[in-house]
Structure formats: structure tokens, C-alpha cells
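Participant: Pasted the sequence and its predicted model underneath.
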Amino acid sequence: MRVLVGVKRVVDYAVKVRVAADKKAVDLANVKMSMNPFCEIAVEEAVRLKEAKKATEIIAVSIGPKAAAETIRTALAMGCDRGIHLTTDARTDQELGPNSVAKLLAKVVEEESPDAIILGKQSIDGDFGCTGAMLAEHLKIPQCTFAAAIDFDAKTVERETDTGTEVVSFPSLPAVFTADLRLNEPRYATLPNIMKAKKKKIDTKAADSLGVELNEGNTVLEVFEPPPREAGIFVDDVDGLVDKLKNEAGVL
Amino acid sequence: MLQQTARALRARALSRRTLSSYSPPSSRFCDINDLSWQLHSVPHLIAPFDASMTMPVLEAAENFVNAHGHLDPLFDVHESKFEPARISDKSSPSASPIVLHPETKSLLDEYVSAGFTQMQDPDGMDLPYTLTCAVNAVTSSAFTSGVLGHWTLTQCAANLLAEHGSPELVSKYHAKLIDGSWTGTMALSETQAGSSLLEIRTKATPTGNPGEYKIKGAKMWTSGADHGMYDNVIHMLLAKTEAGISLFLVPKNLVNDDGSLGARNDYEINGVNHKMGCRGLANCYWSLGDETGGATGYLIGEEGKGLNCMFFMMNEMRIHVGIGAAVCGKRGLQESLTYAVDRIQGRRKQPNSPPKPIPIIEHNDVKRMLLQQKAYSEGAMMLCLFAASLSESSEKSNKLLLEVLIPLVKSWPSEWCLEANKWAIQVLGGYGFTRDFPLEQIYRDNRLNMIHEGTAGIQSLDLLGRKTMMADGAAFKLFLSRVGEACERHSSDPATSALSAQLASATEKLADTTLHLVTKMAAGEVDEALASSHDFLNAVGHVAVGWMWIEQAGAAAADPAYEESHFLQGKVLAAKYFYENDLSKVPEVCSRLRNSVSVVNSTTASHLLH
């Protein structure tokens, strides 16, 4: 089985983001960037398949600026075999939306014909959570989203729902899987593997050379901070509380 | 594992990100961006090397401390215990009377499996030594308890063995020390022989088998001498033979020719020292040869050349101590910054200021305490990385310069980053004085650095008594002329011209004072001259760190991003602060050493005992 994983370079989860001066985007200057945490889970799943001798090759794909090559290197250090980097100057947190990404990934899949495509369930910058589903639709192949466990022998996926998990089966490969939190706990790359990753191959081409229309059809008008939380009030007694809940909050 | 789940959960909680006007570094423990900048963006100091690996390996180290750093206070609180009665299975090779916190082994195993013990392996990663120093700075930032010292000492023992050991000894012991199966120690000191190793009493007598000796005596201050975590402990031990002080390999368990473990060697751990800090690494006293008249040891190098063998390690170990101290200073800064941003207290005194309480980082006296920590810790780290880079060079002049820098690298960070930690505690006020915040532990842990690997006093005697006159004074002249060149380079840039003039003038006074003290010593007034050795050490140290700061300020000001970058502007401000607050004291000290009779030398023991 050959596996393709998507890895996205995003603002590190621990960074407190700031709105840029022009209020059109989040400020990315001098901000730590890392691999999207859900993509880490996708990579880990693929690497475990390889360690279990179920996967023969893992290809890590990233779409983004020059520096996204570092994110691919991280995936290679975790255990992927080679990388594909589709370069673009468009901001991947808001300009290049999930449909454009899905269309680009579909092109790569057509070229590489992997058996399984594993993506993170969503990226923590755009927070759309629909790239995987859109990709499967473009390719007309099965999709198993929000995976908490994947069994390639039984062809079943346990998936997260609002009320717990459900087990679904998928008819055949190739198929798209998106990784949720409980799928696994991703490893950190070891130093020797970081060194080895340096020698692995990354294929770089311009995203706009794939003949894909990269237009989401929507624009960001303004980015602003959430309003600060207002201070609460103290009520004198239970009657006061009930009164407020009934007459001001209207929840009783 | 738990930590990684927490990482994922935090990813889920990102929609609740708060927005703040301050952006903290990505780890509370360390600042890898600053390390990377010091390694690659300050010209004239670090010899250039391939930068492509720097951030990936520093990030790997940061991941390690972010994942495991919360364990370190456990090692501090649950100090190692000496409990011989608790040994259940005496036949187990790892059986030990030392009881460590149970998390110790899993942490040390993680460190090995992440690859940190293989960084210098010439057949493996073979990273530049300077970069491995930066990686060690990151990993030790979270583990000030010294728990990772188990592997540092093992590395030292392995290097010593590889350099001086016979091929038979190397093939039997070296691989197991590198792959994390066994640990190693340095067993030099004895109760009566610390700073002066000439006084050791442990004796070794040949058994007749080639290279094999029976060793009898007692050792003190051996860190990691026993632990119960791994199957063998390999001591690098100094003992006297008829030819003089010699170096021996003494295993805890004898090793058979097929590599399997044999009988327990004849030595006994007698207890642990109850230390003020660095409690993650048990420090033991032990005796050899109580039962059979001698523990088995194997000669490393030639008989009588034990101290020479050790000198091979000395520079590296002293750079290591400097880095440990610089890291404590920087960690204190990080911790006190984290607090100062969140702590709302007091209002601005400036007329017409809003009457609202403000974060204490806005108060000038708090800024002063933070700036001071920055000046000391980042200046110290630059000095250590510079020394590491020099030690990689085979160029003769670099080796000579390093000779002058080594006592400074060992002593300046350990004295002034301890001072930095004092101010870190001060930023937190009462909270800083409690065990609920990490600073009191960092302060206690850092306190060791002025003592081990040659006390501050030993370093000052080395600098004034030896290094100033080394190669007929050529080494020290080289140091002074390198500082002079730096002054010259930075004299025309408006951002650094005033610093350059101040450093040039301080260096000139230092040169004059040095000549005066050296002349005095040559004239036989050795006691009088050496009475000022500690003042001299700090004066030279301040000039050296002044040099490190003018290079950093110059690099920052010349960067095209300077106008937009608070990081780069902060470098220039820290340099200015250091010059104003610390370097300014050098001329005054110099003229005192030049012109006054030493009060210390005129004081006798009976004046103090009266």
C-alpha cells in the first residue's frame, strides 16, 4: 500500500496570534510556524502503517510558501519517504481555501495514485475542516472523516461524532481518511532521523502550474479580535439570581 | 505521553486563543531563536557552519524540554536517598543502595532514544561541537536539577576512554557507554583532595596481569557513582601508583571477555551528599577495596600521566559549566518575564497617566531587573558559544585565545548569571521566594557552577597567575588585540560608536593594569599581586562580555530589519545597559589594582580570627 499524507504549515498552536495593522489578516511576521497538529496525527498514522509493513511508501505533500519545505522535512524526519511541495505565494490560512487545496491535492493524487490519502481533519488556522471531504468528492472515491481508528484489513473506520464514536466500513481503496485527535499520539522526530531527512527528496513545483483554477470566490473583509469579556455582576441573593435569569437572560 | 495528549487538546482549544500585546517565546524554558541568531547572525565570533540543521535540531531539543520539563521539580523535591537496607535483589547487576525518583530512568531513556547522546558520534550525526553546545543549552534549560548529568558524565567518560584507552578497553567498554546501556563517572576528588588533586591517597598496585591493578582508597563528590537504573557504572578514577597519579577504569561489575557481566567489583557506596541544589544527580562518597584488599581497575594511558589525560577533558568540561550557568540565567529571565507580563500591580507615577493598575513589566525598576538578566545571560551564552567555536578550530591563534577565555567561561557566567537569578527572584517578590515557583530551585542549582570544575578562586589564579604570562604574554596580548579590533570595527556605526570608545578605553586600562600586576609577580611580589586575582578575573570577564555585546549590538544594528524588530533593538539596548551598568566599573577597579596596596594581602588570618 502506498500512502499520501497532507501536511500544512500553520502558526504554532502555542502562539498567541495578533491582528495585522491593516486588519486584513493575522500577523505572521516573526511568528513561530509548525506543522498543523492534525497533520502530525496523519503522518504518525502513515508511519505506523509503514512500521507494521502495511505501507511501502509514504509521500508527504504540502502546499505553501518556500518555508513549507521545513514542514515537509519534519514529516520526512518522522518517517515519510519523500515530499512534494506545491509552492504558492497565496496565504494558506485565508487566501487559498479548502476547495483550491482539494483540487490541487486531487491533481497530485492522480499523478501518484496512492492507495490511501490521510489528511488532518482540519487545520488550526482556517479551521474549515472540509478539505478531506472535498478531495474525495473531486476524486469520486470513498471518504472516512474524523477517524479515531483505521483498520485497513477489516476496511473499517471508527469515527468521532458529537455523541461518541461510530464504526463505518469503506468499500475499497483508494480512499480519503481524515485524522481526529484520538487516532494516535504523534511522535517527535529523533535527531538521527532529522539528519537522515536532510537527504530525502522533495519535488518542488509551482501550484499554479497544475492547471487548476485557484479561486475561492470569497474574500476576507476584516479580521478583528474577539470583544473582551465583560466583568460579571454579583447578585444579593437567590431571588435576585432567578430574577436576572428570568427577566434579563431569558433562560428560565 | 500525557504531555502529547495535552498538546493535542491544546490544539483543539485554539478557538479560545487570547490575544495579548506581548508574544512570549515558544517555550518557557529556552529561547531557540536567540541561540540560532547568536550562532549564525553575529559575524566575527562563531566560525560559520552549515545552518540548515540548526533550527531542526534546536526545535527537537525544544520539543524534548516542552514534553518533559515539568518533571524536573520532582527530581529536586525527591532528592536521591541512600538506603542500603532496601536492596531487594543483591544479585541483580543494577542493585544499588541509591534510590532515585522513579521517573529518572524513563526520562534518561527518552533522552537516549531521541538521539541526544549521539550528536558528536563521528560515524553518526557528527554535528559541529558548537551546535551540540547550543542543543545542550536547550535540553539543560529545563533540567537544572542536573539529572541529565548522568549522560554528560557518561559522554566525558567515553571520550576519555576513546582518547587514551587501550584498544582492548575501548572495544570492551566504549560502545555500551555510547548507546545508553551503561553510565560513566569522573572519580577524581577525595575528602582531603578537592581543588588540589595532588593530595589524593587512593593507591593502585599492579596485579601482574597486564594493565590490571588493585585499587584501595576512598572517593568523594562522585556524581552518578551509583543509581540502580542501568546494569553497569564505569568510573574514570584517579589513583596513585609508584609513578604518580594515574587514570583507571573501574567498573561496578567486572566484564567478562565475551562482554557478559561478571562478579561485583570490590567497592562500597558509603552515602550521598545532601546538596543544596542539583539534586537530580546523586553525589556519592565511596570506598574501594574494603573486602578483598583492592577493587579491580584497568590503567588508562601511562602510569603517572593521569592528570595529563584529564587535561584533555578540561576545556570541554569548563565550557559545559559556563553553558549550564548561562542557561540558568536565561531561564530565570524567561520565568520572570512570564510573571512580569501577567502580574498586574501598581500604577504609573508619571503625571497624567491613566489611574489603572498595570502589568509590572511596565514599571521601570522591573524593566531594569529584566534588562540586567538579559545582559548577563545572553552575554554569557555568547561567550560560551564563542569558546566552543574556538575549541573546534585547529588554528594556533584560536587555541591561544581559548586559553585566556577558558577561566572566564568557567567563572563569569557562574558568578553573574547567579546574580541574574537573584534579580529573577526579585521580580516575583514573595512568590519568587517560594517553592511554588521554579526560581528558588534554579538559584540553588546554579549556585554549584561557581564551585565545580575548579572554583572561581582557582580560575582567577589560573588567569592572573598563568594565562597572563602564557607564551611570554602572547596569549593575553592576543585577547587584548582581538578586543581592540572589535572596537575598531564598530567605531563608525552611530549605534555602536559610543560603546566602542568605552570598550577601547576600558581595555587600555586593563592592559596597563595587567602589565603592572605581571611585573609585580616577576619582581617576586606574588602574594600582593595575586591578592587581586578575583577582581582581575571579573575585570577581564567584563571586558570579554563587553566584547560579546558590542559584536551582538553591531550585528543587530546592521540588520536591515532593525527598525521593525524589537528583538534586534533589544540587543542594542541590552548592550548599552551592560556598558552603563557593568563595563563602566572596569576602569575604577583597574586603577585600584594599579595604584593601591592590597587590603587583602595586608590582612592576616589573626585579623580575621582576632
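Facilitator: Looks like it came in fine.
Participant: neighbours around B:R466, how many?
Facilitator: 12 (other C-beta atoms under 10 Å in any protein chain shown). Glycine gets a C-beta too; all of them are placed from N, C-alpha and C.
Participant: Which residues of the stretch 51-200 of chain A lie near chain B?
Facilitator: Proximity of the stretch 51-200 of chain A to chain B, by C-beta under 8 Å from any C-beta of the partner chain, involves residues A:70, A:73-74, A:77, A:124, A:127, A:181, A:185-186, A:188-195, A:197-198.
Participant: In PyMOL, select just the buried ones from the residues you listed.
Facilitator: The PyMOL command for the buried members of those (criterion: 16 or more other C-beta atoms under 10 Å in any protein chain shown) is given here:
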select buried, chain A and resi 70+73+74+77+124+181+185+186+188+189+190+191+192+193+194+195+197
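Participant: In strands, which of the residues of the stretch 51-200 of chain A next to chain B appear?
Facilitator: Assigned to strands by DSSP state E, none of these qualify.
Participant: Tell me the residue of the stretch 351-500 of chain B that sits nearest chain A?
Facilitator: Here the stretch 351-500 of chain B gets closest to chain A at one residue, B:K356, 13.7 Å apart by C-beta to the nearest C-beta.
Participant: can you give me the strands in the stretch 1-150 of chain A?
Facilitator: Under the criterion DSSP state E, counting those that start in this stretch, the stretch 1-150 of chain A carries strands at the ranges A:2-6, A:9-11, A:33-35, A:57-64, A:82-87, A:116-120, A:143-151.
Participant: could you dump those strands to CSV with distance to B:C487 and mean neighbour count?
Facilitator: Shown next, in CSV, are these (distance: least, C-beta to C-beta, whole Å; neighbours: other C-beta atoms under 10 Å in any protein chain shown):
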stretch, distance to B:C487, mean neighbour count
strand A:2-6, 54, 26
strand A:9-11, 42, 24
strand A:33-35, 39, 22
strand A:57-64, 45, 25
strand A:82-87, 45, 20
strand A:116-120, 54, 28
strand A:143-151, 63, 20
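Participant: any weak-confidence spans in the stretch 351-500 of chain B?
Facilitator: Within the stretch 351-500 of chain B, not a single segment meets pLDDT under 70.
Participant: rewinding a little: give me the subset of the residues of the stretch 51-200 of chain A next to chain B that lies in helices.
Facilitator: A:E70, A:R73, A:T74, A:A77, A:L191, A:P192, A:N193, A:I194, A:M195, A:A197 (DSSP state H).
Participant: Next up, the contacts around B:L107.
Facilitator: B:H68, B:L71, B:V147 (C-beta atoms under 8 Å, 6 or more residues apart in numbering or on different chains).
Participant: In PyMOL, how would I select the buried members of the residues you listed?
Facilitator: The following PyMOL line selects those of those that are buried, judged by 16+ other C-beta under 10 Å:
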select buried, chain B and resi 68+71+147
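Participant: Smallest distance to chain A belongs to which residue of chain B?
Facilitator: For chain B, C-beta to the nearest C-beta, closest residue to chain A: B:G115, 3.3 Å.
Participant: Can you get me a residue count around the residue lying closest to B:G165 once chain neighbours are set aside?
Facilitator: If the residues on either side of it in the chain are set aside, B:G165 comes closest to B:I300, at 5.1 Å by C-beta to C-beta, 6 or more residues apart in numbering or on different chains. B:I300 sits with 23 neighbouring residues when counted by other C-beta under 10 Å.
Participant: B:I300 against B:L169, yeah?
Facilitator: Yes: between B:I300 and B:L169 there is a contact under C-beta atoms under 8 Å: 6.9 Å.
Participant: got any residues that touch both of those two?
Facilitator: B:L161, B:L249.
Participant: Return the residues in contact with residue 47.
Facilitator: Assuming you mean chain A. A:I58, A:M78, A:G79, A:C80, A:R187.
Participant: that's the other chain; I wanted chain B
Facilitator: Applying C-beta under 8 Å, 6+ apart, the residues near B:A47 are B:T130, B:S389, B:E392, B:S393.
Participant: Not counting sequence-adjacent ones, nearest residue to the last one?
Facilitator: If I follow you right, that is B:S393. Closest to B:S393 by C-beta to C-beta, 6+ apart is B:A47, at 6.3 Å.
Participant: swap in the third one?
Facilitator: In space, not counting the residues next to it along the chain, B:E392 is nearest to B:Y129; the distance is 4.9 Å by C-beta to C-beta, 6+ apart.
Participant: mind checking pLDDT for the residue in chain A that chain B sits nearest to?
Facilitator: Closest approach between chain A and chain B, counting by C-beta to the nearest C-beta: A:L191, at 3.3 Å. For A:L191, the pLDDT comes out at 94.
Participant: Distance check, the nearest residue to A:T71 once chain neighbours are set aside against A:D203.
Facilitator: Once flanking residues are discounted, A:T71 sits nearest to A:R9: 4.1 Å by C-beta to C-beta, 6+ apart. Counting by C-beta to C-beta, to the nearest Å, the gap from A:R9 to A:D203 is 17 Å.
Participant: again with A:S169
Facilitator: A:S169 is 34 Å from A:D203, by C-beta to C-beta.
Participant: now A:E110
Facilitator: On the measure of C-beta to C-beta, A:E110 and A:D203 end up 15 Å apart.
Participant: now B:A474
Facilitator: From B:A474 to A:D203 the distance is 55 Å (C-beta to C-beta).
Participant: go on, B:A326?
Facilitator: For B:A326, the distance to A:D203 equals 42 Å [C-beta to C-beta].
Participant: who has more neighbours, the two?
Facilitator: Counted by other C-beta under 10 Å, B:A326 and A:D203 do not tie: B:A326 has more neighbours, with 32 against 13.
Participant: for that one, what are its contacts?
Facilitator: Here B:A326 is in contact with B:A137, B:S377, B:A380, B:M381, B:L383, B:C384, B:P413, B:C417 (criterion: C-beta under 8 Å, 6+ apart).
Participant: Perfect, I'm done here.
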